[in-house]
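Engineer: Make a model of this:
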Amino acid sequence: MSYINIVMPLTDFIPFIQEVLEKNNGSIYAEKRNSDKTVSKFKVNSINDIENNREVNPLARHIRNSGALL
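Structural biologist: The predicted model follows:
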């Protein structure tokens, strides 16, 4: 199986692969760090399930503004 690394927000990635997910009855799961430092996993049903916290990360803001994909 081949793997690729893509650096992009999940809110951009999910629509990018939506057709493949639907065709193969696939799902995306994500992890969220809770305020008590525990990690919970959840199924992403739509991009509305993803909390957009990229503005708090200066590196992510720079990458998005430059249009670069690493």
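Engineer: Could you list every helix and strand in contact with the longest helix seen in the chain?
Structural biologist: Determined from DSSP state H, the single longest helix within the chain is helix 10-23. If you count contacts as 3 or more CB pairs under 8 Å, 6 or more residues apart in numbering; DSSP states H and E, helix 10-23 packs onto strand 28-33. Every C-beta, even on glycine, is put in place using the N, C-alpha and C of the backbone.
Engineer: Give me the buried positions along the strand it packs on.
Structural biologist: I28 (16 or more other CB atoms under 10 Å).
Engineer: If we ignore the residues flanking it in sequence, what's nearest E51?
Structural biologist: Excluding its sequence neighbours, the residue lying closest to E51 (CB to CB, 6 or more residues apart in numbering) is K32, at 7.5 Å.
Engineer: should've said S27
Structural biologist: K43 (5.8 Å).
Engineer: Give me the neighbour count for N45.
Structural biologist: Residues contacting N45 under the criterion other CB atoms under 10 Å number 10.
Engineer: how close does it sit to G26?
Structural biologist: Shown here: N45 relative to G26, a distance of 13 Å by CB to CB, to the nearest Å.
Engineer: The longest helix of the chain vs strand 28-33, what angle?
Structural biologist: 150 degrees (axes from the mean of the first three to the mean of the last three CA atoms, to 10 degrees).
Engineer: Show the average pLDDT along helix 10-23.
Structural biologist: Helix 10-23 shows a mean pLDDT of 86.
Engineer: Show me which residues of it are buried.
Structural biologist: Neighbour-count burial for helix 10-23 [16+ other CB under 10 Å]: 10-11, 14.
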